[in-house]
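Asker: Need a 3D model of the sequence below.
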Amino acid sequence: MAHIKRSQLCALGIHYIMYPLDYMLDGHAEAGYEAIELVGEAPHFYMDESWNQDPGEVRRKVEARGMRVALFTPECSCMQWRNNYADVAAHKRSMEFLKRAMDVCKKLGADMMLTNACGGTLDEDHDMAFDRAVRHFGQIASYAREAGVTVALESVRPEESKVCNTLDDVATLVDAVGSPNLGAALDTVAMGVAGETPRQWFERLGEKIVHCHFADGRPYGHLVWGDGLFPLERYIDVLNEFGYEGLLGQEITDGRYLDNPKEADCRNYQSLSRFIVGEETK
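Answerer: Numbering: from 1, shown residues only. The predicted structure is shown next:
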C-alpha cells in the first residue's frame, strides 16, 4: 500500500505571494503541515547579497505554530540571483548571495537549501553552459561544506535554463562535483515536462535524491493534487519501493491559487493525507 509520513509533507508558500508571512504560516498550520520550505522572496523573507531580515524572528513565528523550517530556498529564478552566469562580476555577486543564504538556512534551523542551475542564456551552447555549471556547483558545494548545509539541485523547465532541465544533466553534474554536500532534487513538474518518470530518477540517482518538489501537473502547472494528471498513488509507490523518506515539498504556483491560498493548502493536504499511515490525520 502506498504510504507517506505526515512529517514528510512540507508546505511551500509561493501561492501566498500576495499575502504576508503571518497569513501564510497560519494557512500552512491550519492545513496540518509540520514542516515548511521557506522561499526567500518578498513579502515572506527579504534578502540580497549584503543584507537579510532577521531569520530568528521568522523561525520563532514558525515554531510558535508547531512547525519547523525544514528547508530554505533562496530566490534563484529572478534575473539577479541565478547561479550560472557567464559574466564574472554577476557570478561573484550571486555567490555572495548564496553564501549569505546558507548562513540564513542554518539560523532558520534548517540544514538543507534548494537551488537550480539557471543563469545562462538560451542562445548558448549547451556543453559550454553545462561545463560552467559544474565549476560553479563545485564552488557552491565547497561553501556548503563549510556552512554545514546540504544543497539540493533541482531540474527546471527548458524555458528557464539551457542546462539541468533533464535527469541526465542533473545526475551528470552531481556525479561530476562528487560532494556529499550536493544532492539532487526531483521536481515532478520539470520531470513531467522532460517526459521522465520518478522511477527513472530513482534508478539513476537513488539516495542522491535528497529532496522532492512533489506537485501535480499536466505536465506544466505545479498544481494542487487532483487538479493535474499525474498518478499520485503510483508516484508514492515508487517512493516507497526505493525507500525515499525525505521531504515532499508542496510547490503550488499556478495563478488560480493566488486569491485563496489557504483553500489550496487544505485541499492539497487532504489529497495527500489518505496516504499517511500510523497516525490520525486532520
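Asker: so where's the chain uncertain?
Answerer: The model of the chain has pLDDT under 70 over residues 76-82, 279-282.
Asker: ok, Ala110 touching Met67?
Answerer: No. Between Ala110 and Met67 there is no contact under CB atoms under 8 Å: 11.9 Å. Any C-beta I mention is one placed from the backbone N, CA and C, and that applies to glycine too.
Asker: Among these two, which residue is more densely surrounded?
Answerer: When Ala110 and Met67 are compared for neighbours, Ala110 comes out ahead with 23 against 18, by other CB atoms under 10 Å.
Asker: OK, contacts around the more buried one?
Answerer: Going by CB atoms under 8 Å, 6 or more residues apart in numbering, Ala110 touches Leu38, Val69, Ala70, Leu71, Phe72.
Asker: do you know how far the nearest residue to the third one once chain neighbours are set aside is from Ile140?
Answerer: Read that as Ala70. Closest residue to Ala70 apart from its sequence neighbours, by CB to CB, 6 or more residues apart in numbering: Ala35 at 3.9 Å. From Ala35 over to Ile140 the distance is 24 Å, taken as CB to CB, to the nearest Å.
Asker: Between the two, point out the one with more neighbours.
Answerer: Taking Ala35 and Ile140 together and counting by other CB under 10 Å, Ile140 has the greater number of neighbours (27 against 22).
Asker: Kindly format the C-alpha coordinates of the host helix or strand of that one as CSV.
Answerer: When elements are defined using DSSP states H and E, Ile140 is found to belong to helix 126-147. The C-alpha atoms that make up helix 126-147 are tabulated as CSV, following Å, rounded to 0.1, in the frame of the first residue of the first chain:
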residue,chain,number,x,y,z
HIS,A,126,24.7,23.6,-24.0
ASP,A,127,28.1,22.0,-23.3
MET,A,128,29.7,25.3,-22.6
ALA,A,129,27.0,26.3,-20.2
PHE,A,130,27.0,22.9,-18.6
ASP,A,131,30.8,22.9,-18.0
ARG,A,132,30.5,26.2,-16.3
ALA,A,133,27.7,24.9,-14.1
VAL,A,134,29.9,22.0,-13.0
ARG,A,135,32.6,24.5,-12.0
HIS,A,136,30.1,26.8,-10.2
PHE,A,137,28.5,24.0,-8.3
GLY,A,138,31.9,22.8,-7.2
GLN,A,139,32.2,26.2,-5.5
ILE,A,140,28.7,26.0,-4.1
ALA,A,141,29.4,22.5,-2.7
SER,A,142,32.6,23.8,-1.1
TYR,A,143,30.7,26.7,0.6
ALA,A,144,28.0,24.3,1.7
ARG,A,145,30.6,22.0,3.4
GLU,A,146,32.0,25.0,5.4
ALA,A,147,28.4,26.0,6.3
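Asker: give me the number of residues near Arg256?
Answerer: Counted by other CB under 10 Å, the residues lying close to Arg256 total 13.
Asker: same thing with the one 5 residues further on?
Answerer: A count of nearby residues for Pro261, using other CB under 10 Å, gives 22.
Asker: dump the residue contacts of it.
Answerer: Gly13, His15, Tyr16, Tyr19, Met24, Gly27, Ile252.
Asker: Go through these and say which is closest to Leu258.
Answerer: Each of these was checked against Leu258 using CB to CB; the closest is His15, at 6.0 Å.
Asker: residues contacting the closest one?
Answerer: With contacts defined as CB under 8 Å, 6+ apart, the neighbours of His15 are Ile252, Thr253, Asp254, Tyr257, Leu258, Pro261, Ala264.
Asker: do the same with Ser271
Answerer: If a contact means CB under 8 Å, 6+ apart, then Ser271 has Val224, Trp225, Gly226, Leu232 as its contacts.
Asker: Give me the spatial nearest neighbour of the third one, chain neighbours excluded.
Answerer: Using CB to CB, 6+ apart and skipping residues adjacent in sequence, the residue nearest Gly226 is Ser271, 5.1 Å away.
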